[in-house]
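Engineer: Any chance you can model this:
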Amino acid sequence: MTPLNISMEQMIALHSFFAEAMAVSEAGLAEICGSETEIDVLEIRCSHLGDFAESGLRLSEDMTAAVIGRVEGAMPGSLNLVAEPEDALAWAQMVSCEDPLETYVALGSELLAGMTSALAEVLQSPTEFCDPRLVEEPELAMLVKTHAPSDTLVFSTRLRIEVRDELITAHAHLLVEPKYLSRLLSALSAASH
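Structural biologist: Numbers count the residues shown, from 1 in each chain. Reported below is the predicted structural model:
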């Protein structure tokens, strides 16, 4: 696999972008949760899917609870939010006493829709998050099941989500074809100038 040539400056721009994307998600999540929600991006990594097992940012090697769906539009791919099952359940139960699985999918969908909204804005082209569903399996297995080629880029972020003084740790993964890396970096560079 060809190593990724992403400079420190570009990684800072990507970190800023994902932090802004989480800020977009916070308003919708606050509405669902009925209280302020704060999301911090603690770390970001970018690797090829084929190298993810060795160099990817993984939450766990065990079973995880994830919301996964497709990204359609300017930068097609897939997007997911991964949490430990206990954290996913705790987050859902903070919000609703209804079906916790349904609530977790709604929360994850809102967070991921905020990310695609931020993508649409920076790329200045329509982009949307589609067909969210719950997946319960190890993180790596879930990414591999997308059937994406091994050179697919995986942008991973480690998130800290604070709701009602409770902290949830999660990861978000954006999978896109390598050809979109230069387009995203160019758009981020143009946006910062």
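
Engineer: ends of stretch 136-151, how far apart?
Structural biologist: Stretch 136-151 has an end-to-end distance of 24 Å (C-alpha to C-alpha, to the nearest Å).

Engineer: err, stretch 145-161, not the other one
Structural biologist: 27 Å.

Engineer: quick one: the residue nearest the centre of the chain and residue 59, what's the gap?
Structural biologist: The chain has residue 172 as the residue nearest its centroid, 2.7 Å off, counting by C-alpha atoms, centre = their mean. According to C-beta to C-beta, to the nearest Å, residue 172 and residue 59 sit 10 Å apart. In this view, the C-beta of every residue, glycine as well, is placed from N, C-alpha and C.

Engineer: tell me, what's touching the two both at once?
Structural biologist: Taking C-beta atoms under 8 Å, 6 or more residues apart in numbering as the criterion, residue 172 and residue 59 both touch residue 82.

Engineer: In this structure, where is pLDDT below threshold?
Structural biologist: 1-3, 191-193 (pLDDT under 70).

Engineer: if we can go back for a sec, tell me which element the residue nearest to the centre of the chain falls in.
Structural biologist: strand 166-176 (DSSP states H and E).

Engineer: Can you point out the buried residues in that strand?
Structural biologist: Neighbour-count burial for strand 166-176, counted by 16 or more other C-beta atoms under 10 Å, picks out 168, 170, 171, 172, 173, 174, 175, 176.
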